[in-house]
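Participant: The sequence and its predicted three-dimensional model are supplied below.
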Amino acid sequence: MTFEPRFTRYRYVDSRAFRGGVRKYASLRKQIAAKVNRVLDNPYNSELLGKKGASDLRGKRSVRVTRNIRIVFAVCEECLLRGFKRLGFNDCAGCTKEEPDDIVVFLIIAPHEIAYGEK
């Protein structure tokens with residue numbers, strides 16, 4: 001089942017880990033901004049993550065910034081409509097939503113192994 005964007009432009013919320021990653025990879029600021037804007041235009045044009053080894057990333061998506069750097073994020077409407085929140089896969093801080101909305105939560109920007117919890 002594929003999801004199509006219901007909104008023309010999504011809004012975003014970022015986490016502390018994401019803000020720290022943007023500061024850490026300041027030399028990639030333009031590339032990061034371009035990817036964030038692309039995600040906000042259509043978050044479903046990205047890789048849907050699943051269970052991989054010890055990491056369970058169901059309900060999250062990722063986009064590639066460079067060969068090794070990934071942005072991991074969650075789309076609120078997908079999380080609620082597909083039941084990821086109810087099943088406990090996405091535990092966004094302070095989320096009390098019952099109805100889908102136009103928010104994308106950027107969780108982390110880091111090298112592949114760290115972003116996917118392999119290290």
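Facilitator: Nice, I can see it.

Participant: Tell me what the nearest residue to Phe73 once chain neighbours are set aside is bridged to.
Facilitator: Spatial nearest neighbour of Phe73, chain neighbours left out: Phe106 (4.7 Å); criterion: C-beta to C-beta, 6 or more residues apart in numbering. (C-beta placed from N, C-alpha, C; glycine too.) Phe106 has these beta-bridge partners by DSSP bridges: Asp14, Phe73.

Participant: Would you check that Phe106 makes contact with Asp14?
Facilitator: Yes - the pair Phe106 and Asp14 qualifies as a contact (C-beta atoms under 8 Å) at a distance of 4.5 Å.

Participant: Of these two, which one has the most company?
Facilitator: Just comparing Phe106 and Asp14: by other C-beta atoms under 10 Å the higher neighbour count belongs to Phe106, 22 against 18.

Participant: got a list of what the more buried one touches?
Facilitator: 12-15, 18, 36, 71-73 (C-beta atoms under 8 Å, 6 or more residues apart in numbering).

Participant: What residues sit buried inside the longest helix along the chain?
Facilitator: The single longest helix within the chain, with elements called by DSSP state H, is helix 29-41. By 16 or more other C-beta atoms under 10 Å, the buried positions in helix 29-41 come out as 32, 35-36, 39-40.

Participant: quick one, helices of the protein?
Facilitator: Taking DSSP H as the criterion, the chain carries its helices at 16-24, 29-41, 76-81, 84-87, 112-115.

Participant: ok, residues contacting the second one?
Facilitator: Residues lying outside helix 29-41 but in contact with it, judged by C-beta under 8 Å, 6+ apart, are 9-12, 22, 25, 45-46, 63-66, 71, 73, 104, 106, 109.

Participant: Thought Leu107 was touching Val75, still the case?
Facilitator: No - checked against C-beta under 8 Å, the pair Val75 and Leu107 is beyond contact range at 11.4 Å.

Participant: Settle it for me: which of the two has more neighbours?
Facilitator: Val75 (27 against 22).

Participant: State the number of residues packed around the closest residue to Glu99 other than its chain neighbours.
Facilitator: Using C-beta to C-beta, 6+ apart and skipping residues adjacent in sequence, the residue nearest Glu99 is Leu80, 7.2 Å away. Other residues within reach of Leu80, judged by other C-beta under 10 Å, total 18.
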